[in-house]
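Asker: Everything below, folded, please.
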Amino acid sequence: MSRLLPLLLFFGIAILLVGGAHYYTWARMVRDPQLPVTLARVLSVAIALLGAALIAAPIASRLVPRDSMRPVIFFAFVWMGTGFLLVTLLGLTDLGRVLASAGLRLASLISGSPVAPADPARRLFLTRALAGGVGVGALGLAAMGMRSALAGIQVKEVPVRVPRLPEALRGLRIVQISDVHIGALLRKEWLQAVVSRIQSLAPDLIAITGDLVDGTVGELAAQVAPLGQLSAPRGVFFVTGNHEYYSGADSWLQHLPTLGIRPLQNERVKLAPGLEIAGINDLSAHGSSAPDLDRALRGRDPDGALILLAHQPKQFLEAATKDVQLTLSGHTHGGQIWPFSWVVALVQPYVAGLHRRGESQLYVSRGTGFWGPPIRVGAPPEITLLKLEPA
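Answerer: As a prediction, the model looks like this:
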């Protein structure tokens, strides 16, 4: 019963949010423009069905074999992203209308002349024009966002000057991938292309900073098989993200070494004289698996440089107080779909890119895959190539 109540609460909130968003969409796109009766009925049914699909698809994917549900899940997640863009653009237009109305009222108060009554025909024309413009704009952004998410992934080169890095390691090449999210939509063929691209960069070291999978080892072992082709002279390392703890983290931590990938669980490895790498578990882990930076750093070389892998950027705040030269993180997806990046910034201190805090630096990847909608707007996916230089 104690586990059922949070689940019911979660679904209750989800239904309220989904229902509210779809009602708002219906009101602005169907009711207010006073569409012809037949068209209004068709669109009303379509919006209701799309809302139901967002709730039903994730549940059905747990009850029905995932491969058979892939087209349904894909469609539902495409609508999730498109609907988010639609609601965002509608909200911005409504905000503009409120500001314009407030401006007219203020001008009326200043001038002392009354506001002219609105022409109903002009208001209806404007409402229809805005609804049509928003619909076209949302569909256009969704189409471009799908191309960004599913087409070729950018290789982002980032030069980083690292204090105490030995001169012998100048030019060390680290390839970072993060938030790959192999699961219902991203599969073996896509991952194979990512692996081939990584190997073409001739990395000295490969870092996978969490959220690699969305599913159990039993479901996805064949889909992640291309990871076994990853190789780098100084190793391939992995730290958990929050999604690993939704997917059976213990089983994945046992499976990844069979692919030649070394998980770092609150531990540290010496890469070369004067350079170490450490990794800490995600903040989702609890008990004996909880993230423990002190344990990972215990006995470190005080005169050498250290690279830390930590899934969430907020974990950098502690690392910066403990003389960690470079932290690599992910988790944020760079916001994935603008303006969701504004929401991410409320809970994570850094959303994307290279940041400095004192003598410590953080690089936050926008992620290599995607979660949920196969759409990225203003946050293209990346494979990161970090080129280290002594500071």
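
Asker: List the contacts of the helix or strand where Ile307 lies.
Answerer: According to DSSP states H and E, Ile307 maps onto strand 305-309. Surrounding strand 305-309, the residues in contact under the criterion Cβ atoms under 8 Å, 6 or more residues apart in numbering are 162-166, 174, 207, 209, 237-239, 264, 268, 274-280, 293, 296-297, 300, 319, 323-329. For every residue, glycine as well, the C-beta is placed using N, CA and C.

Asker: Does Val269 belong to a helix, a strand or coil?
Answerer: Following DSSP: H, G, I helix; E, B strand; the rest coil, Val269 is assigned to strand.

Asker: Pull the number of nearby residues for the residue lying closest to it once chain neighbours are set aside.
Answerer: Nearest residue to Val269 in three dimensions, chain neighbours excluded: Ile277, at 5.4 Å (Cβ to Cβ, 6 or more residues apart in numbering). Neighbour count of Ile277, defined by other Cβ atoms under 10 Å: 25.

Asker: which ones are touching Ile277?
Answerer: By Cβ under 8 Å, 6+ apart, the residues touching Ile277 are Leu205, Ala207, Gly235, Phe237, Leu264, Arg268, Val269, Leu271, Leu306, Ile307, Leu308, Leu309.

Asker: Now do the helix or strand containing it against strand 305-309, angle only.
Answerer: Using DSSP H and E, Ile277 sits within strand 275-279. Interaxial angle, strand 275-279 versus strand 305-309 (axes from the mean of the first three to the mean of the last three Cα atoms, to 10 degrees): 20 degrees.

Asker: which element follows strand 275-279 toward the C-terminus?
Answerer: Next helix or strand after strand 275-279 toward the C-terminus (DSSP H and E): helix 293-297.

Asker: Now tell me what touches that following helix from outside.
Answerer: Under the contact criterion Cβ under 8 Å, 6+ apart, helix 293-297 has outside partners 264, 266-268, 278-280, 306, 308, 315, 318-319, 322, 324.

Asker: Relative to Leu90, which of these is nearest.
Answerer: Gln315 (36.4 Å; Cβ to Cβ).

Asker: where do the strands sit along the stretch 251-391 of the chain?
Answerer: Using DSSP state E, counting those that start in this stretch, the strands assigned to the stretch 251-391 of the chain run over residues 262-263, 267-272, 275-279, 305-309, 326-329, 353-357, 360-364, 382-390.

Asker: could you dump these to a markdown table with mean pLDDT?
Answerer: Shown next, in a markdown table, are these (pLDDT from 0 to 100):
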| stretch | mean pLDDT |
| --- | --- |
| strand 262-263 | 98 |
| strand 267-272 | 97 |
| strand 275-279 | 98 |
| strand 305-309 | 98 |
| strand 326-329 | 98 |
| strand 353-357 | 97 |
| strand 360-364 | 98 |
| strand 382-390 | 98 |
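
Asker: Dump those strands into JSON lines; add distance to Pro339 as well.
Answerer: As requested, those are exported to JSON lines (distance: least, Cβ to Cβ, whole Å):
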{"stretch": "strand 262-263", "distance to Pro339": "35"}
{"stretch": "strand 267-272", "distance to Pro339": "38"}
{"stretch": "strand 275-279", "distance to Pro339": "32"}
{"stretch": "strand 305-309", "distance to Pro339": "29"}
{"stretch": "strand 326-329", "distance to Pro339": "21"}
{"stretch": "strand 353-357", "distance to Pro339": "17"}
{"stretch": "strand 360-364", "distance to Pro339": "18"}
{"stretch": "strand 382-390", "distance to Pro339": "20"}
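
Asker: out of the ones you listed, which comes closest to Ile375?
Answerer: strand 382-390 (15.9 Å).

Asker: Partner strands of that closest one, with direction?
Answerer: In the sheet, strand 382-390 lines up against strand 154-162 (parallel), strand 173-177 (antiparallel) (DSSP bridges).

Asker: average pLDDT for the longest helix along the chain?
Answerer: Counting by DSSP state H, the longest helix found in the chain is helix 66-111. Averaging pLDDT along helix 66-111 gives 89.
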